[in-house]
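**Student:** Structure of the sequence below:
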Amino acid sequence: MNNEVEILLVEDNPSDAELALRALKKNNLANNVIRVCDGEEALDFIFARGQFKTRERLNIPRLILLDLKLPKIDGLELLKIIKADPVTKLIPVVVLTSSIEESDMIESYRLGVNSYIVKPVDFDKFIESVKNIGFYWLLLNQQPDIKKLIK
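**Tutor:** Modelled structure (predicted):
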């Protein structure tokens, strides 16, 4: 099995996280998905520190699915930090949130988000949305090998 992390799921709601994971695995879109529950844990994973300090720093995810309403460090602050770093700013970030606040959407795009999707309340539509996100960002979208750009 490839150790490359395909998706970092940053989601504090266990139900939403489980649905997203099931949708990705059911459709064979991602073999290696890591879920973290708050913004601080996400930063630890991305920058290989704290509980993730033994992880290879350059083994960064191909995609980050980011909820905005997170404990410790919220999604907007997390997005700002990710997009300020010369390496991690290249990782596609898709906000997957229940927030329909226009100010959240505007700020997300201002900070460099690649896509903003409001979580559908309907179970089947939520599954379909996650499937479509995974299909586009992991199979259709072309992105550079960030590891080659750093060396």
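**Student:** Would you enumerate the residues in contact with the residue nearest the centre of the chain?
**Tutor:** The centroid of the chain falls nearest to I64 when counting by CA atoms, centre = their mean (1.7 Å). Going by CB atoms under 8 Å, 6 or more residues apart in numbering, I64 touches I7, L8, V10, A42, I46, I82, I91, P92, V93, V94. Where you see a C-beta, it was placed from the backbone N, CA and C, and this is true even at glycine.
**Student:** Which of the three states applies to it?
**Tutor:** In three-state terms, and counting by DSSP: H, G, I helix; E, B strand; the rest coil, I64 is strand.
**Student:** next one: Y116
**Tutor:** Following three-state DSSP, Y116 is assigned to strand.
**Student:** Surely it and R110 touch.
**Tutor:** No: the criterion here is CB atoms under 8 Å, and Y116 misses it with R110 at 11.3 Å.
**Student:** So which of those two has more stuff around it?
**Tutor:** Y116 (18 against 12; other CB atoms under 10 Å).
**Student:** For that one, list each beta-bridge partner.
**Tutor:** With DSSP bridges applied, the residues forming beta bridges to Y116 are V95.
**Student:** give me every residue that touches it.
**Tutor:** Y116 sits next to V94, V95, T97, M105, S108, Y109 when contact means CB under 8 Å, 6+ apart.
**Student:** Can you say which of those residues are buried?
**Tutor:** Listed as buried from the contacts of Y116 are V94, V95, T97, M105, S108; burial here means 16 or more other CB atoms under 10 Å.
**Student:** export the residues you listed to TSV and tack on distance to L70 and pLDDT?
**Tutor:** Rendered in TSV, the data for these read as follows (distance: CB to CB, whole Å; pLDDT from 0 to 100):
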residue	distance to L70	pLDDT
V94	15	95
V95	11	95
T97	10	90
M105	17	96
S108	13	97
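**Student:** of all the residues you listed, which two lie farthest apart?
**Tutor:** For the buried ones among the contacts of Y116, with distances taken as CB to CB, the pair at the greatest spread is V94 and M105 (12.7 Å).
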